[in-house]
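Visitor: coords please:
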Amino acid sequence: HPVFRPEAGFFSDTNFWAPEVYAHEGRCYMFATFRRKDNNLLGTAVLASASPLGPFVLHSSGPVTPKDWSSLDGTLHIDEAGDPWMVFCHEWQQIADGEVCAMRLTAGLQASAGEPATLFKASDAPWATPFHSPRCPDTVNYVTDGPYLFRGESGSLYMLWASFIEGRYALGAARSASGGVLGPWTHQPEPLYRSDGGHGMVFRTLDGRLALAIHTPNRTPDERPIFLEIEERGGRIQVLGTL
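Guide: All right, here's what the predicted structure looks like:
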């Protein structure tokens, strides 16, 4: 079921990526990444609808992420004070060592409410390895993809994010030492998943188990979802097995 179709004059006509939909204060909001027509850079915009079935229409004035950045995979985080943030990736193709950044949003989720802060670089994680790309053959590249934040039963704030290990897509986890979005973030030494899958989100099964959804393999058009049971233990996230 198509929930979004671009209207005439929409700011992008290619690379409609990574939609995430949230129920927030009585409406549904979609954070999605698009490639801008005006400068050919990626950016994450906010769309809104009364229903998860759409139709979603542009809620922000184009991308919320910085205009001159190539940014992608924006995700919504509501902090303990009830204030909204967008956590997103500053793309490796622009800066070589990809970053995960956080930026405050206005209460209505329509615009930024401050400058972005860098939470960490991809190379900060002990499990991520350089990504060799024919587009950037002369640089050492590290990828950040798909951040997603959730709070564990202990109250700890965790982040899932994806990168590469020896050319294969992989998913890692980090924990905020402060319990807040600005961290500092401590990376688990080993990835949660390393078999060419990633870009995860967490949900509860109908019987209450904590579960992780990722896509694998990282190869178009073969990507499919798989679901893994996970648990929080000793300040870390662990995978128990496939659901």
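
Visitor: give the contact list for the residue nearest to residue 154 when sequence neighbours are not counted.
Guide: With Cβ to Cβ, 6 or more residues apart in numbering as the criterion, residue 154 has its nearest non-adjacent residue at 6.2 Å, and that residue is residue 232. For the C-beta atoms, the positions are set from N, CA and C on the backbone; glycine is no exception. Residue 232 makes contact with 152, 153, 154, 156, 158, 210, 238, according to Cβ atoms under 8 Å, 6 or more residues apart in numbering.

Visitor: what is residue 232 paired to in the beta sheet?
Guide: Beta-bridge partners for residue 232, by DSSP bridges, are residue 237.

Visitor: so where do the helices sit in this structure?
Guide: Taking DSSP state H to define them, one finds helices in the chain at 92-95.

Visitor: gap between residue 130 and residue 16?
Guide: Using Cβ to Cβ, to the nearest Å, residue 130 is found at 29 Å from residue 16.

Visitor: Neighbour count for those two, which is higher?
Guide: Counted by other Cβ atoms under 10 Å, residue 130 and residue 16 do not tie: residue 130 has more neighbours, with 18 against 14.

Visitor: List the contacts of that one.
Guide: By Cβ under 8 Å, 6+ apart, the contact set of residue 130 is 140, 141, 142.

Visitor: can I get these in TSV with distance to residue 190?
Guide: Shown next, in TSV, are the contacts of residue 130 (distance: Cβ to Cβ, whole Å):
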residue	distance to residue 190
140	22
141	22
142	17
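
Visitor: what residues are up against residue 87?
Guide: Counting by Cβ under 8 Å, 6+ apart, residue 87 touches 74, 75, 77, 100, 101, 102, 103, 119, 147, 149, 159, 181.

Visitor: before we move on, the earlier item: which of the contacts of residue 232 count as buried?
Guide: Buried by 16 or more other Cβ atoms under 10 Å: 152, 156, 158, 210, out of the contacts of residue 232.

Visitor: Nearest to residue 199 among the residues you listed?
Guide: Top of the list for closeness to residue 199, among these and by Cβ to Cβ, is residue 158 at 15.4 Å.

Visitor: Do I have it right that that closest one meets residue 150?
Guide: Yes. Counting by Cβ atoms under 8 Å, residue 150 is a contact partner of residue 158 at 5.8 Å.

Visitor: and the end-to-end length of stretch 188-197?
Guide: 17 Å (Cα to Cα, to the nearest Å).

Visitor: Can you tell me what sits against that stretch?
Guide: So stretch 188-197 is contacted by 126-127, 160, 165, 168-175, 200, 212, 214-219, 226, 228, 230, 236-239 (Cβ under 8 Å, 6+ apart).

Visitor: rerun at 10 Å
Guide: For stretch 188-197, contacts defined as Cβ atoms under 10 Å, 6 or more residues apart in numbering pick out 125-128, 158, 160, 162-175, 198, 200, 212, 214-219, 223-226, 228, 230, 235-239.

Visitor: before we move on, what about stretch 163-170?
Guide: Against stretch 163-170 from outside (Cβ under 10 Å, 6+ apart): 92, 98, 122-123, 125, 127-133, 141-146, 162, 171-172, 190-199, 214-219, 223.
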